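S.K.: sequence and predicted structure below; questions after.
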Protein chains: 2
Amino acid sequence: MNKKTLGPGITFFPQPATWIVSVDKEGEIDVMTASWVSMVSKTPPTIALSLHHGRQTYANIQQSGVFTVNIIPSTQVVAGDYCGLISGRDVDKLATTDLTPVAALHVAAPILAESPLNLECRVINTVVIGEYRLILGEVLEIHIAAAACHDHGYDAAVIDPLVYLGGIREYWGLGEKVGTAYSIGKELLPK
Amino acid sequence: MNKKTLGPGITFFPQPATWIVSVDKEGEIDVMTASWVSMVSKTPPTIALSLHHGRQTYANIQQSGVFTVNIIPSTQVVAGDYCGLISGRDVDKLATTDLTPVAALHVAAPILAESPLNLECRVINTVVIGEYRLILGEVLEIHIAAAACHDHGYDAAVIDPLVYLGGIREYWGLGEKVGTAYSIGKELLPK
């Protein structure tokens, strides 16, 4: 495959588009959009979230020690992008977007009703990387849209998560399922 | 939206399916599939990769201090899944999959010819999370398929990255572009 080199930098590959919801010590809610989000451990179940240290969300998380991760469905791409455009210091993003906070079970930060998949997280570590802060959050609870649950598992098409391609700043939807993991590769195993 | 609670755990949202290529101190190459991969900083450009501490890839990265991240295209879903099924301690995964290592520019670990997007990384920090190791790698070089480059940017459909939904162990393809980030949300800004 003929290739070009681009030098060092950030690039694009599938990442989740999420609303991160946080509260300050007065309980004031902020919502921001983030895609630098990844599962990082099963022991304990842990998610990593990276933010610029100047974000209001980071200040809130430092104060409260908790946050929620709310998967943005593709139908909410406008509200999803909006919450990444501006700071909660300037406007009430919940009011502008008509997003609805719902009390979480274990943390002070609410989850969002309009998101079909929500994680409640408690900070267990923070790592400094230049101007960014990599926040490690233990996943205390998962909420999922009942419509996405069926007898044998979950239907990703109902969740309909936005896929974010960061380096080119594009939102995409999911296409088709192309395989089952820990299964489709077995055809290369010795017979 | 009616929801169910699932308790603590890991869940599914879009993550990249990647081949992580590493070398041990004798230069022996290993390939594994990983999806717990995320950009985490621009200063410096940094990628996070989380692995179980028992993986051969982790041993190799400890020895060499470098690795490459190679985006798996959807056409390679079988070889992609295969490299996550078994350990490089047991078989020569490159031979079984016909994947082709190509010398990188800045690190001892090669990139893969069959991957349309490759990152060369040097370890700058490692964080312990239970049985997992979160490896922070500075991105020293990016390689991209020339066919995905056009005058005004890059064509994600040519890269055709697999999307991995971890908690339900499914591979999906990208669907359609649904919006441009830092743009589509502006319709909610004050007129």
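M.R.: Looks like it arrived, so ask away. Numbers count the residues shown, from 1 in each chain, chains lettered A, B, ... in the order given.

S.K.: and the helices in chain A, which stretches?
M.R.: For chain A, helices defined by DSSP state H occupy the ranges A:56-64, A:77-85, A:93-97, A:156-159.

S.K.: so which of the ones you listed comes closest to chain B?
M.R.: Nearest of the helices of chain A to chain B, taken as C-beta to the nearest C-beta: helix A:77-85 at 3.0 Å. From N, CA and C alone the C-beta is placed, and that goes for glycine too.

S.K.: model confidence over that closest one, on average?
M.R.: Average pLDDT, helix A:77-85: 97.

S.K.: also stretch A:98-118?
M.R.: 98.

S.K.: just the buried positions in it, please.
M.R.: A:99, A:101-102, A:104, A:107-112, A:114-118 (16 or more other C-beta atoms under 10 Å in any protein chain shown).

S.K.: can you get me the start-to-end distance on that stretch?
M.R.: Taking C-alpha to C-alpha, to the nearest Å, stretch A:98-118 runs 18 Å from one end to the other.

S.K.: can you tell me if that stretch touches chain B.
M.R.: Yes. Judged by C-beta under 8 Å from any C-beta of the partner chain, stretch A:98-118 and chain B are in contact via A:105, A:113-114, A:116-118.

S.K.: and these, which two are the farthest apart?
M.R.: Taking C-beta to C-beta, the two most distant members of those are A:105 and A:114; they sit 18.3 Å apart.

S.K.: where in chain A is pLDDT low?
M.R.: Of all residues in chain A, none has pLDDT under 70.

S.K.: got phi/psi on the spatially closest residue to residue A:167 that is not a sequence neighbour?
M.R.: Nearest non-adjacent residue to residue A:167, counting by C-beta to C-beta, 6 or more residues apart in numbering or on different chains: residue A:12, 3.7 Å away. Per-residue torsions, residue A:12: phi -120, psi 130 (degrees, to the nearest 10).

S.K.: quick one: contacts for residue A:12?
M.R.: Taking C-beta atoms under 8 Å, 6 or more residues apart in numbering or on different chains as the criterion, residue A:12 is in contact with A:165-168, A:170, B:117, B:154, B:156, B:159.

S.K.: how does it look with 10 Å?
M.R.: Applying C-beta atoms under 10 Å, 6 or more residues apart in numbering or on different chains to residue A:12 gives the contacts A:164-170, B:16, B:39, B:71, B:117, B:142, B:144, B:153-154, B:156, B:159, B:161.

S.K.: cool, and residue A:26?
M.R.: By C-beta under 10 Å, 6+ apart, the neighbours of residue A:26 are residue A:63.

S.K.: from chain B, how far out is it?
M.R.: According to C-beta to the nearest C-beta, to the nearest Å, residue A:26 and chain B sit 25 Å apart.

S.K.: over to residue A:40?
M.R.: Distance from residue A:40 to chain B, by C-beta to the nearest C-beta: 4 Å.

S.K.: spatially nearest residue to that residue (excluding sequence neighbours)?
M.R.: Here the residue nearest residue A:40, using C-beta to C-beta, 6+ apart, is residue B:50, at 3.9 Å.

S.K.: now residue A:76
M.R.: residue A:114 is the one closest to residue A:76 (C-beta to C-beta, 6+ apart), at 6.0 Å.

S.K.: cool, residue A:171 as well?
M.R.: Nearest to residue A:171 is residue B:179, by C-beta to C-beta, 6+ apart, at 4.3 Å.

S.K.: swap in residue A:188?
M.R.: That would be residue B:82: by C-beta to C-beta, 6+ apart, it lies 4.3 Å from residue A:188.

S.K.: the one you found touches residue A:187, doesn't it?
M.R.: Yes. Applying C-beta atoms under 10 Å, one finds residue B:82 in contact with residue A:187, separated by 8.0 Å.

S.K.: neighbour count: those two, which is higher?
M.R.: Each of residue B:82 and residue A:187 has its neighbours counted (other C-beta atoms under 10 Å in any protein chain shown); residue B:82 has more, 23 against 10.

S.K.: in stretch A:10-27, what's buried?
M.R.: A:10-24.

S.K.: roughly how far is it from the heart of the chain?
M.R.: Remark: stretch A:10-27 is offset 5 Å from the chain centroid, using C-alpha atoms, centre = their mean, to the nearest Å.

S.K.: pick the most buried one from the helices of chain A.
M.R.: helix A:77-85 (a mean of 23; mean count of other C-beta atoms under 10 Å in any protein chain shown).
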